[in-house]
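S.K.: Quick one, fold the following:
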Amino acid sequence: MKKILLLIVFIIRFSGCVFPQETPYKTIAYSFINLDADTLHFFVNSQIDFNNICKKFNQIIVKGNSQLRILHIGDSHIQADFFSGRIRENLQTFALGIKGSRGFIFPYNVAATNNPDNYKVKYTGKWHACRNVQSVNGCSLGIAGISVTTADSNASIQIILNNRNYPHQDFNRIKIYHNSGDSVYLVKLMEKEIINGNYNSLGYTSFVTDSHFDTLNLFFEKADSLQTNFALYGIELDNDDPGVIYSAVGVNGAEVSSFLKCNLLESQLKILNPEWIIVSLGTNDAYGNSFDENVFESNYNQLIKKIKSTLPNSFVLLTTPADSYRKKRFPNPNMIVAKRLIYEIANHNSCAVWDLHEVMGAYKSIKKWQNAGLAANDKVHFSKSGYSLQGDLFFNAFLKAYDNFIDKNNKR
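M.R.: Residues are numbered from 1 along each chain as shown. Here you go, the predicted structure:
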């Protein structure tokens, strides 16, 4: 921590940045948390990949002339964006001037499922949802693992960033990820002052506006008789500001195999181009009595290989699934097996690991979290404060590794 504090002093002195607290580490007040385990574990070359993340983070803080793009993929623990949202908030408020933009989002309400509370969604028209946890029936899916399709040319979608009790964010660069071809409706913005709009055959339409907005209004136009539908895969809200851009996508009930169904995953990863990918999967794979270790390991290896082959220079970090119970009453030892396999997968694929299962107290610890008001009654999910605590623990683990990076570089 001393090295980070010295860096803060240096930045305050020479760049005028002001930090909101004396120490950047988050205070953890629960005795059942295993603070000694709250660290990042590096395998093979993942330490080198992480060092590149630290260099970019330093460049943003000290020089203010770069962006760090992060993508967090997961299940229901990520769809609600409490855990990932807390990490985003911690990273973007570490210093002034590094909040970046909101990044990739999906309008979950249009698919009749729960939406993160840091942006609101309103829509009109009839939409059909496709999720990677179901039979895809020929529909295409990308990074989000979910899509919505309409044949209603009068449909519309409005996104409103919720800047109350959250770092204020706006955007002037927009990418709408969608299906391509002659049958696709045109997508339009209702915002004024559009500098340019460009349809890309790779599967997105991009817009640049002269002003910055915190509200996006989309509508769709049938400009030709051949046009019959519009399938939305996600929305990227960006700007030119330096900082951390933390995108998070999750699907309730998702397993590792769910994201293997996403036929547009690699092509959309190339477009989004994150430098740091966090994967938080395994809870649903290991929940039941029929958990197959070999299938889980094989699927996870396939997913990581897809990510690594698409973004070979990225830093990939895996989180272990939290401790949980089956049917509210029975401790689930499968999570211990899933944890062991994730370590092996990380070692095989040169990834890092953050061991949530061990940090939270390991086997049967979910009961202590529930007693403290941090976990839900189902003993699988967590309360908002529980997810916030996880976000703080993850952030502390990141800072420890970042602190070590600073220390080693100061000795050179």
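S.K.: hey, let's count contacts and neighbours off CA atoms from now on
M.R.: Noted.
S.K.: By average pLDDT, which secondary structure element in this structure comes out worst?
M.R.: Using mean pLDDT, DSSP states H and E, the weakest-scoring helix or strand in the chain turns out to be helix 2-15, at a mean of 45.
S.K.: List the residues that contact Ile235.
M.R.: Ile235 sits next to Phe104, Ile105, Phe106, Ile174, Lys175, Ile176, Tyr177 when contact means C-alpha atoms under 8 Å, 6 or more residues apart in numbering.
S.K.: Same check on Lys26?
M.R.: Neighbouring residues of Lys26 by C-alpha under 8 Å, 6+ apart: Asp392, Leu393, Phe395, Asn396.
S.K.: what about it, distance to Asn90?
M.R.: 9 Å (C-alpha to C-alpha, to the nearest Å).
S.K.: quick revisit: filter the contacts of Ile235 down to the buried ones.
M.R.: Phe104, Ile105, Phe106, Ile174, Lys175, Ile176, Tyr177 (16 or more other C-alpha atoms under 10 Å).
S.K.: can you put these in TSV and add pLDDT, distance to Ala375 and secondary structure?
M.R.: TSV is the format used below for those (pLDDT from 0 to 100; distance: C-alpha to C-alpha, whole Å; DSSP: H, G, I helix; E, B strand; the rest coil):
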residue	pLDDT	distance to Ala375	secondary structure
Phe104	98	28	strand
Ile105	98	26	strand
Phe106	98	26	coil
Ile174	96	36	strand
Lys175	96	36	strand
Ile176	96	36	strand
Tyr177	97	35	strand
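S.K.: if we can go back for a sec, relative to Leu303, which of the contacts of Lys26 is nearest.
M.R.: If you rank these by distance to Leu303 using C-alpha to C-alpha, Phe395 comes first, at 24.8 Å.
S.K.: list the contacts for that closest one?
M.R.: Tyr25, Lys26, Ile87, Asn90, Leu91.
S.K.: Double-check the last one against Gly100; I have them as touching.
M.R.: By that I understand Leu91. No. Contact between Leu91 and Gly100 fails when scored by C-alpha atoms under 8 Å: they sit 10.0 Å apart.
S.K.: Neighbour count: the two, which is higher?
M.R.: Gly100 (25 against 20; other C-alpha atoms under 10 Å).
S.K.: what do Leu91 and Gly100 both touch?
M.R.: Joint contacts of Leu91 and Gly100 (C-alpha under 8 Å, 6+ apart) are Val244.
S.K.: Let's see which of the contacts of Lys26 end up in helices.
M.R.: In helices, defined here by DSSP state H, the members of the contacts of Lys26 are Asp392, Leu393, Phe395, Asn396.
S.K.: Report the separation between the second one and Ser84.
M.R.: Yep, that's Leu393 we're talking about. From Leu393 to Ser84 the distance is 12 Å (C-alpha to C-alpha).
S.K.: of those two, who's got more company?
M.R.: Ser84 (28 against 25).
S.K.: show me what contacts the more buried one?
M.R.: His72, Ile78, Ala248, Gly391.
S.K.: Considering those, which possesses the most neighbours?
M.R.: Busiest of the contacts of Ser84 [other C-alpha under 10 Å] is Ala248, holding 28 neighbours.
S.K.: what sits opposite that one in the beta ladder?
M.R.: His72 (DSSP bridges).
S.K.: Now do it against Cys262, distance only.
M.R.: Ala248 is 16 Å from Cys262, by C-alpha to C-alpha.
S.K.: Tell me where the stretch 101-250 of the chain is predicted with low confidence.
M.R.: For the stretch 101-250 of the chain, applying pLDDT under 70 flags the ranges 163-167, 191-196.
S.K.: Apologies, that question was intended for the stretch 301-412 of the chain.
M.R.: Checking the stretch 301-412 of the chain against pLDDT under 70 turns up 411-412.
S.K.: so Ile277 makes contact with Gly74?
M.R.: No. Look at Ile277 against Gly74 with C-alpha under 8 Å: they stay out of range, at 10.9 Å.
S.K.: Counting neighbours, go ahead and name the busier of those two.
M.R.: Gly74 (28 against 24).
S.K.: Take the contacts of Ile235 and lay them out in a markdown table including distance to Asn162.
M.R.: Below are the contacts of Ile235 laid out as a markdown table (distance: C-alpha to C-alpha, whole Å):
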| residue | distance to Asn162 |
| --- | --- |
| Phe104 | 15 |
| Ile105 | 13 |
| Phe106 | 15 |
| Ile174 | 17 |
| Lys175 | 20 |
| Ile176 | 20 |
| Tyr177 | 22 |
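S.K.: Of those, which is the nearest to Ser290?
M.R.: Phe106 (31.7 Å).
S.K.: which residues does that closest one contact?
M.R.: Phe106 touches Ala144, Tyr233, Gly234, Ile235, Val249, counting by C-alpha under 8 Å, 6+ apart.
S.K.: need those residues in CSV with secondary structure, can you?
M.R.: Formatted as CSV, the contacts of Phe106 follow (DSSP: H, G, I helix; E, B strand; the rest coil):
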residue, secondary structure
Ala144, coil
Tyr233, strand
Gly234, strand
Ile235, strand
Val249, strand
